[in-house]
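K.L.:
I'll drop the sequence and a predicted model, then ask my questions.
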Amino acid sequence: MKAALIERNGGPEVLIYGDAPDPVAGPDEIVVDIHAASVNAADWQVRANQYGSTLKFPYILGRDF
């Protein structure tokens, strides 16, 4: 799948648009086909390490779909 992702925290220069593995649903989960997504304010805060979350890299951005 195509994705906007980061491999480390930082400024806009760390954004990568590329291929990522298709997700696999775990127990009690589903996978949804998304045709469009956006990167919003929460995503840039995550990218800049200002959201207070611990990330596992590579991290795929795009919370709105």
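P.N.:
The structure has been received and is ready for your questions.
K.L.:
do a quick rundown of the strands in this protein.
P.N.:
2-6, 16-19, 59-60 (DSSP state E).
K.L.:
return the distance of stretch 27-34 from the chain's centre.
P.N.:
From the chain centre to the centre of stretch 27-34 is a distance of 16 Å (Cα atoms, centre = their mean, to the nearest Å).
K.L.:
tell me the confidence at residue 43?
P.N.:
Residue 43 is assigned 90 on the pLDDT scale.
K.L.:
residue 63 now?
P.N.:
The model's pLDDT for residue 63 equals 77.
K.L.:
and it, how close does it get to residue 27?
P.N.:
23 Å (Cβ to Cβ, to the nearest Å). To be clear about C-beta, it is placed using only N, CA and C from the backbone, and glycine gets the same treatment.
K.L.:
do the same with residue 2
P.N.:
For residue 2, the distance to residue 27 - Cβ to Cβ - is 27 Å.
K.L.:
which one's more surrounded, these two?
P.N.:
Applying other Cβ atoms under 10 Å to residue 2 and residue 27 shows that residue 2 carries more neighbours, namely 9 against 4.
K.L.:
got a pLDDT number for the residue nearest to the more buried one when sequence neighbours are not counted?
P.N.:
Leaving aside its sequence neighbours, residue 2 sits nearest to residue 19 (Cβ to Cβ, 6 or more residues apart in numbering; 6.4 Å). Looking at residue 19, its pLDDT is 93.
K.L.:
in this structure residue 19 contacts residue 4, no?
P.N.:
No: the pair residue 19 / residue 4 is not scored as a contact, 11.6 Å apart, by Cβ atoms under 8 Å.
K.L.:
cool, thanks, talk later.
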